[in-house]
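[1] Structure for the following, please:
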Amino acid sequence: MAAADMKKTKLSKAVLGLKFMQRTVIRLEKEQNEDENNRLIDDEHWVIDQPVEKSAQSCFEINPSYVSCEGLVFGRMSFLGFNPEIEKLMKIDDLDRAGNREDETSVGDEEMANRFSQIVHSGNLKKRHGYAEDLLASNSGPGPRKRYKRKFLKPLDI
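    Sure, this is the predicted structure:
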């Protein structure tokens, strides 16, 4: 009897589909909804509310300029002859970079001479130990250069 009480017999779908059973169908649905709501409330009662974490931040960095991509190295790599085609492309890329660096950093002889003479005559060189005179004498022609002996500087006691 205990087993029979626990398991309630249910009406078939065909019987519940009849017109005179519509009120019973509505009542059964309400009972099911109330049971589900009570279960949810009971479950929520015992669960600790944890703060909802924000979605994972993007792993991508968006930069509107291509300037940061100029100094990048060649993407595909090959070592010890593993992929000769890629190594050939790497060599070509290295030569292109070396040529660009040489063009960017080279200064003409005339420009260097003009700049050097401006620095020497403006007095920006340190006068200590006749440094400016040494530079002028070395540029003027061959001759013995005057060497200055460095003195020992005693360390400071702190």
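[2] What is the three-state secondary structure of Thr24?
    helix (DSSP: H, G, I helix; E, B strand; the rest coil).
[3] I'd guessed it sits against Leu16; true?
    Yes - Thr24 is within contact range of Leu16, at 6.9 Å (criterion: C-beta atoms under 8 Å). (C-beta placed from N, C-alpha, C; glycine too.)
[4] following the helix or strand hosting Gln32, which helix or strand shows up next?
    Gln32 is part of helix 22-46, with elements assigned from DSSP states H and E. As assigned by DSSP H and E, the chain's next helix or strand after helix 22-46 is helix 84-105.
[5] So which bits of that following helix are buried?
    By neighbour count on 16 or more other C-beta atoms under 10 Å, the buried set for helix 84-105 is 87, 90.
[6] which stretches of this protein have low pLDDT?
    1-7, 43-49, 51-56, 100-106, 122-146, 158 (pLDDT under 70).
[7] one more time with 50, if that's ok
    For the chain, the stretches flagged by pLDDT under 50 are 1.
[8] what packs against the helix holding Gln32?
    Applying 3 or more C-beta pairs under 8 Å, 6 or more residues apart in numbering; DSSP states H and E, one finds that helix 22-46 contacts helix 13-16.
[9] Other residues contacting the helix it packs on?
    With contacts defined as C-beta atoms under 8 Å, 6 or more residues apart in numbering, helix 13-16 is touched by 21, 24-25, 28.
[10] CA atoms of that helix as PDB?
    Provided in PDB are the C-alpha atoms of helix 13-16 (Å, rounded to 0.1, in the frame of the first residue of the first chain):
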ATOM      1  CA  LYS A  13      -2.400  11.900 -23.000                       C
ATOM      2  CA  ALA A  14      -5.400  10.700 -25.100                       C
ATOM      3  CA  VAL A  15      -7.800  11.100 -22.100                       C
ATOM      4  CA  LEU A  16      -6.300  14.500 -21.100                       C
END
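[11] Distance-wise, check Glu87 relative to Ser78.
    Per C-beta to C-beta, to the nearest Å, Glu87 is found 5 Å from Ser78.
[12] can you check Ile26 too?
    Distance from Ile26 to Ser78, counting by C-beta to C-beta: 74 Å.
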